[in-house]
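Can you look at this prediction? I've put the sequence above it.
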Amino acid sequence: MNAYSSDAVVVPTNRVDLLAISQIVTQGSRVLDIGCGDGQLLKLLEETRAVDGRGIEISQKGVNECVARGLSVIQGDADSDLTDYPDETFDFVILSQTLQATHQPRVVVEQMLRIGRRAIVSFPNFGNWRVRAALALRGRMPVTRSLPYSWYDTPNIHFCTIRDFVMLCEEIDATIETSMVLHRDGRKSTAFGAMLWFWNLFGQQAVFVLKR
Amino acid sequence: MAASGADIAGNVAAPAALARPRAQRGNEADFPTSLVAKFGPERPLKLDSGAVLTDFQVGYQTYGTLNDERSNAILVCHALTGDQHVASTNPITGKPGWWSEMVGPGKPIDTSRYFVICANVLGGCMGTTGPASTNAATDRVWGLDLPLITVRDMVRAQAMLIDHLGIDTLFCVAGGSLGGMQVLQWAVLYPERVFSALPVATGARHSSQNIAFHEVGRQAIMADPDWRNGRYFEMGVNPRKGLAVARMAAHITYLSEEALHRKFGRNLQDREKPTFGFDADFQVESYLRYQGSAFVDRFDANSYLYLTRAMDYFDVAADFGGRLANAFLGTKTRFCVASFTSDWLFPTIENKAIVRALNAAGASVSFVEIETDRGHDAFLLDEPELFATVRGFLSSAGQARGLK
């Protein structure tokens, strides 16, 4: 049930979620990537999944790089600009490693479920033992390889644990279609079930696929 | 028909010697140094004002070659004081085309890949029928007898030109400012004929402040005793002062405080101390006066009235129950909108209103805001990020269009 999957592929250390996400997205689908950065994931999806991809990115530098690469990306803010989109505009709405940087994570996830048939959310697990240990044993806010910022300069203002996110999904009536934990080397473990406590302690990154 | 346009393309670059003495300037309105398409009484143009224009012409330039599939045509729309000479020597000023940084072989709008068309707008004074043209019915200069023109009328006239060239779907319609308004109007009026659209530094409507600036310019022209109720041609005069003042006021809105300060500061013009008079003591005054008088040599005062009015009347949402998104519902056109941080004439917020509406309509849209202190004029200047954006956008649109 929690066996490592066999199709492990090596990708840049702290963004193994991109590959996992690209394997979830179906061929030729309409995709919105919220917080698309320089367009790494969108480009990957266009090349491997032939998606009709759109992006929103808050940094103008990222947007300009995306558009220069031929991607359909606008400068915008996940917290305020999702309301512009009509219901069910996309097959997949993706929020990769951005949830923790939004002002209103709950509203953002709800908007994602409104404008997309599926929402894919990946985030760093704040319940990981390293994080817990930093706080419990050292009494310091954790600075780890996947969470490299100090408390005073971090863009990440709304951390959550895997268990927290599962609770949020219950509160907003979102159905968890798939859930997985990603390891630094690209391996993934799917289906939490009774092992939720375990992965909430040892998982570094989580990827959820939600639907209404 | 298209072939004739394409054949002539490339041979139209006018040598600098073509720059004409000012006395002949009026000729450019009737006999432009460019291609001309004439539309007789059998092809009338019904204007928004209700009037019908018969016997009109469109002066235009083309660059590059139309491919066999006729799928690589880009229409470039010019701004308020622009013309069809987008990438070739201007016949009046002898200067390079107004967007020669953007359009040409190997440039972002690459004329070795695309067939580029640029037409003087309806109401203009460089070869498309406008107030400086001769009214065939009376054999007199139109002057204020010409019905008022709207951006929609301009676009309808352009569509007649595109028909005349045998082109069904434009690969892209591109332009800044008033040109950007035309791009939006194209996308709304003929969505199925616009594969991609590139509106730059523009708005879906003219703001109250912008109407106010235009009104200052028009009043300056009409206050000039040489304006003669618009019939200055017959009287052998020209409202030079009024038009120059209009241009000076408008020119300030094309720049930014930062750019003015960077360029001129409070520096004095060829003098050590102020003269305690009303000479152009400051460099910025001297610069503006020069801009004003240079403009008068190449532009018609009545045309300035008509074109500023067309911009004032522009409001896409007004035709769609006040909701801009409704104008773009169901559109398949791919959009790329660009704005500039220091542009206070068409600020980012106006451009972003277009982007929001396009999103709400489910359209494909990209948006970049480019950091610069050069104000609205930045869209005409060497802005590498704009060039990279245009290249990226056109190349991905080209792939989708199946262009080689």
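Done, it's in. Numbers count the residues shown, from 1 in each chain, chains lettered A, B, ... in the order given.

SS state for the residue in chain A positioned nearest to chain B?
In chain A, the residue that lies nearest chain B is A:Gly70 (3.0 Å; C-beta to the nearest C-beta). Where you see a C-beta, it was placed from the backbone N, CA and C, and this is true even at glycine. Following DSSP: H, G, I helix; E, B strand; the rest coil, we place A:Gly70 in the coil state.

tell me which element the closest residue to it other than its chain neighbours falls in.
Once flanking residues are discounted, A:Gly70 sits nearest to B:Ser396: 3.0 Å by C-beta to C-beta, 6 or more residues apart in numbering or on different chains. Assessed by DSSP states H and E, B:Ser396 sits inside helix B:384-401.

how about the helices in the stretch 151-300 of chain B?
Secondary structure of the stretch 151-300 of chain B by DSSP state H, counting those that start in this stretch: the helices cover B:151-164, B:178-189, B:208-223, B:232-235, B:240-254, B:257-263, B:283-296.

possible to save those helices as CSV with distance to A:Val131, mean neighbour count and mean pLDDT?
Formatted as CSV, these follow (distance: least, C-beta to C-beta, whole Å; neighbours: other C-beta atoms under 10 Å in any protein chain shown; pLDDT from 0 to 100):
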stretch, distance to A:Val131, mean neighbour count, mean pLDDT
helix B:151-164, 58, 22, 98
helix B:178-189, 49, 26, 98
helix B:208-223, 52, 16, 98
helix B:232-235, 78, 16, 92
helix B:240-254, 54, 21, 97
helix B:257-263, 45, 14, 95
helix B:283-296, 59, 17, 96
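
quick one, strands of the chain?
In the absence of a named chain, chain A is used. For chain A, the strands defined by DSSP state E occupy A:30-34, A:52-57, A:72-75, A:90-96, A:116-124, A:175-182, A:188-190, A:205-211.

wrong one, chain B
B:35-39, B:45-46, B:52-53, B:56-63, B:73-77, B:103-104, B:109-110, B:115-119, B:134-135, B:140-141, B:172-176, B:196-200, B:334-340, B:364-370.

got TSV for those, with mean pLDDT too?
Converted to TSV, the strands of chain B look like this (pLDDT from 0 to 100):
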stretch	mean pLDDT
strand B:35-39	97
strand B:45-46	98
strand B:52-53	97
strand B:56-63	98
strand B:73-77	98
strand B:103-104	98
strand B:109-110	98
strand B:115-119	98
strand B:134-135	95
strand B:140-141	94
strand B:172-176	98
strand B:196-200	98
strand B:334-340	97
strand B:364-370	93
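
Please name whichever of these is nearest to chain A.
Closest among the strands of chain B, using C-beta to the nearest C-beta: strand B:364-370, at 3.9 Å.

quick one: strands adjacent to the closest one?
Sheet pairing of strand B:364-370 (DSSP bridges) gives strand B:334-340 (parallel).

tell me the angle of the partner strand relative to helix B:384-401?
Per axes from the mean of the first three to the mean of the last three C-alpha atoms, to 10 degrees, the angle that strand B:334-340 makes with helix B:384-401 is 180 degrees.

Correct me if wrong: A:Ser96 contacts A:Leu41.
Yes. Between A:Ser96 and A:Leu41 a contact is recorded at 6.1 Å, counting by C-beta atoms under 8 Å.

Between these two, point out the one with more neighbours.
Between A:Ser96 and A:Leu41, counted using other C-beta atoms under 10 Å in any protein chain shown, the more crowded position is A:Leu41 (26 against 23).

A:Ile94 is in contact with the more buried one, correct?
Yes. Counting by C-beta under 8 Å, A:Leu41 touches A:Ile94, with 7.0 Å between them.

Show me whatever sits in contact with both of these two.
A:21, A:33 (C-beta atoms under 8 Å, 6 or more residues apart in numbering or on different chains).

Find me the pLDDT at the closest residue to chain A within chain B, would you?
Of all residues in chain B, B:Ser396 sits closest to chain A, at 3.0 Å by C-beta to the nearest C-beta. For B:Ser396, the pLDDT comes out at 90.

now the one 4 residues further on
Reading off the confidence values, B:Ala400 has pLDDT 90.

Then B:Asp68?
97.

neighbours around it, how many?
7.

go on, A:Ser179?
23.

ok now do it, which residues does it touch?
A:166, A:190-192, A:206-209.

Would you mind giving these as CSV with pLDDT, neighbour count and distance to chain B added?
Formatted as CSV, those follow (pLDDT from 0 to 100; neighbours: other C-beta atoms under 10 Å in any protein chain shown; distance: C-beta to the nearest C-beta, whole Å):
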residue, pLDDT, neighbour count, distance to chain B
A:Val166, 95, 17, 31
A:Thr190, 78, 17, 33
A:Ala191, 67, 15, 35
A:Phe192, 71, 23, 35
A:Ala206, 93, 26, 29
A:Val207, 95, 24, 26
A:Phe208, 96, 24, 25
A:Val209, 97, 19, 23
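
bridging residues for A:Ala119?
Residues in beta-bridge contact with A:Ala119 (DSSP bridges): A:Val93, A:Leu210.

Is it in contact with A:Ile176, as I believe?
No. Using C-beta under 8 Å, A:Ala119 is not in contact with A:Ile176, being 10.4 Å away.

Overlap of the contact sets of the two?
Counting by C-beta under 8 Å, 6+ apart, the common neighbours of A:Ala119 and A:Ile176 are A:208-210.

any idea which of those residues is closest to A:Arg114?
Taking C-beta to C-beta as the measure, A:Arg114 lies nearest A:Leu210 of the shared contacts of A:Ala119 and A:Ile176, at 11.7 Å.
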